[in-house]
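A.B. asks: Dropping a prediction and its sequence here:
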Amino acid sequence: MTKQLSRREFMRNAGLAGTGLALAACAPVAQDGAMDDGSMMAEKETAYIFDYDPTGTDAWVEADQLFIEYFTEKYPDYEIIREQAPWAGFTEKLLTSIAGGSKYDVIYGYWQWLPLFIENNVIGPLDDLIDADTEISADDFFDYAKETIEGETFGLAWFISGWLHWYNLSAVNEAGATTPKEMNVNGDWDYDAWYQFAKEFTSEQDGVPIYGYEMGSGRSVSVYVMLAWAWGTEQWNDDFSASLMDNEENIALWKWIQQFYLEGLTPQPGASTTEQPISYTNGRSMATMAGQWYTRNIVQDGAPDIFDIGMVPFPTGPSGQYSVAALNSFYFSSDPGSVDPAWAWYKERSFSEAAAGIYASIGGGRFPSIKRVAPATVYEWEDVEVYEAIRPILRTYRTSPKESEWINTYWNVAWDEMVLATRPVEEILGQLAEESTALVNS
């Protein structure tokens, strides 16, 4: 069953009135302690959270405030103090603050940061907390919702991005073409159909190019891996001792991607500018790939006022159909100062039914991490059937031992060479595989 909750409906159902709490870095979530019978201030347990600052994304800012109101009402004896940082420089600010003596009990996380946080002993595993908890157990969670390293659980995702294709349904209907969703239901949505879609809907209007597909997100290793799975491969062998990037499957896949750039079916890097943006939401690209978080971009840019929104899972490749479960988890400190309020915040913020409803406005709740929580949607144009079709094909991305260095030093360079066709794909991937293997064994 799918629930659709507006802000007004959630507040009414939860029985919460607006408390006027402001969101600010380092601002306490809870109000001052209540007086006891002896007119003495009741002492509160305090936990410190290092959180993401979503300023600029209105729906997220509003959702944070709703959650603060909810948590404060439910846990009046806990005080939560949040320090926030923007995405750019987030990890640097966190590590600098900790080096300067600051301590945090719960930390906002992202899958690419996990190795860095473990390496610096910033976070610890959750397994003991889960085992001791009387309300939840490890079996309550979908496997794709767990961030695990060497058998230890470091994160239980609050936000799971099940990646899919978004396409201009109006353009498809006007052309009298079969929709990708219909092709998927009929078993015809494969990689050739994806390529043919891009060819059919690449055009020019008043001298302005309209692209059939926006392939730029494929540069992300956690997005590319979905395509690799479908082609029967991935980037690494099982124990990360050797790169697989020079095998025949990856070579064939890179050549398949390259044709989109060579044939002008997707914009070249840098083609989109502030003055002339190219995006799915403004109609300059007929389709793109993104997780359900993209709903907030669609709404903020007013795309539903321009055209009808189409959704479909990633196509079926030679080895199957997959979607990556891209995870955002909160992480728990390796040395928490106040466990009870911190764990209460972690559980409520990460996988409570209340949080699923509150954060539905930014794309949360479509793929709940905990099995008993029903999926939540917000917008009438969201296709629940597509979300349900994605759930069984979700897989988690495996983070390599030296992920950041590998991506920035080797992967991105090779990808750019492929896009620009500076030399044969076989040469590009041969060098990438050699350098990647040397890196993880150094």
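C.D. replies: Nice, I can see it.

A.B. asks: Show me the contact partners of stretch 112-128.
C.D. replies: 90-91, 94-95, 98, 107, 109, 138, 147, 149, 152-156, 222, 331-335, 399, 401-404 (CB atoms under 8 Å, 6 or more residues apart in numbering). C-betas here are computed from N, CA, C, even on glycine.

A.B. asks: Quick one: buried ones out of the residues you listed?
C.D. replies: For the contacts of stretch 112-128, a burial check counting by 16 or more other CB atoms under 10 Å picks out 90-91, 94, 98, 107, 109, 147, 153-156, 222, 331-333, 399, 402-403.

A.B. asks: how about the strands of the stretch 251-400 of the chain, start to end?
C.D. replies: 287-290, 309-312, 323-328, 330-333, 376-377, 394-395 (DSSP state E, counting those that start in this stretch).

A.B. asks: ok so, going back, now, which of the contacts of stretch 112-128 lie within strands?
C.D. replies: Residues of the contacts of stretch 112-128 located in strands (DSSP state E): Ile107, Glu147, Ile149, Glu152, Thr153, Phe154, Gly155, Leu156, Tyr331, Phe332, Ser333.

A.B. asks: Looks like Ala421 contacts Glu263 (just checking).
C.D. replies: No - using CB atoms under 8 Å, Ala421 is not in contact with Glu263, being 11.4 Å away.

A.B. asks: Report the contact partners of Thr409.
C.D. replies: Residues in contact with Thr409 (CB under 8 Å, 6+ apart) are Glu435, Leu439.

A.B. asks: is it true that Asn168 touches Pro304?
C.D. replies: No - Asn168 lies out of contact with Pro304 (CB under 8 Å); the separation is 11.4 Å.

A.B. asks: So for those two, which sits in the more crowded spot?
C.D. replies: Asn168 (23 against 14; other CB atoms under 10 Å).

A.B. asks: in the sheet, who's paired with the more buried one?
C.D. replies: Note on Asn168: beta-bridge partners by DSSP bridges are Ile309.

A.B. asks: residues in contact with it?
C.D. replies: Going by CB under 8 Å, 6+ apart, Asn168 touches Phe201, Tyr280, Gly283, Met286, Ala287, Phe307, Asp308, Gly310.

A.B. asks: burial of the residue nearest to Val419 when sequence neighbours are not counted, as a residue count?
C.D. replies: Counting by CB to CB, 6 or more residues apart in numbering, Val419 lies nearest to Tyr261, which is 5.1 Å off, once chain neighbours are set aside. Applying other CB under 10 Å, we find 17 residues neighbouring Tyr261.

A.B. asks: ok, Tyr261 touching Gly216?
C.D. replies: No - counting by CB under 8 Å, Tyr261 stays clear of Gly216, with 10.1 Å between them.

A.B. asks: Tell me how many other residues surround Ser442.
C.D. replies: Residues lying near Ser442 (other CB under 10 Å) number 7.

A.B. asks: what's the distance between it and Trp411?
C.D. replies: 16 Å (CB to CB, to the nearest Å).

A.B. asks: Repeat that for Pro341.
C.D. replies: Applying CB to CB to Pro341 and Trp411 gives a distance of 40 Å.

A.B. asks: Also Ser400?
C.D. replies: Distance from Ser400 to Trp411, by CB to CB: 10 Å.

A.B. asks: and what of Ala360?
C.D. replies: On the measure of CB to CB, Ala360 and Trp411 end up 33 Å apart.

A.B. asks: who's more crowded, the two?
C.D. replies: For Ala360 versus Trp411, the count of surrounding residues by other CB under 10 Å is larger for Ala360: 26 against 22.

A.B. asks: Asp301 and Ala175, how far apart?
C.D. replies: Relative to Ala175, Asp301 is positioned 23 Å away (CB to CB).

A.B. asks: Between these two, point out the one with more neighbours.
C.D. replies: Ranked by neighbour count (other CB under 10 Å), Asp301 and Ala175 place Asp301 first, with 15 against 10.

A.B. asks: ok, and the closest non-adjacent residue to the more buried one?
C.D. replies: Asp301's closest residue in space is Thr281 (CB to CB, 6+ apart), at 3.7 Å.

A.B. asks: Tell me who's in contact with that neighbour.
C.D. replies: Contacts of Thr281 (CB under 8 Å, 6+ apart): Asn297, Ile298, Asp301, Gly302, Ala303, Ile306.

A.B. asks: please redo it, this time with the cut-off set to 7 Å
C.D. replies: Contacts of Thr281 were listed using CB atoms under 7 Å, 6 or more residues apart in numbering, and they are Asn297, Ile298, Asp301, Ala303.

A.B. asks: Is the spatially closest residue to Trp343 that is not a sequence neighbour within a helix or a strand, and which one?
C.D. replies: In space, and not counting its chain neighbours, Trp343 is closest to Leu129: 5.8 Å by CB to CB, 6+ apart. Leu129 belongs to helix 127-132 when assigned by DSSP states H and E.

A.B. asks: do the same with Met245
C.D. replies: Counting by DSSP H and E, Met245 is found in no helix or strand.

A.B. asks: now the nearest residue to it once chain neighbours are set aside, what's its secondary structure?
C.D. replies: Counting by CB to CB, 6+ apart, Ala433 is the residue found nearest to Met245 once chain neighbours are left out, at 4.4 Å. Put simply, Ala433 is helix when judged by DSSP: H, G, I helix; E, B strand; the rest coil.

A.B. asks: What is the burial count for Ala433?
C.D. replies: Ala433 has 20 neighbouring residues, counting by other CB under 10 Å.
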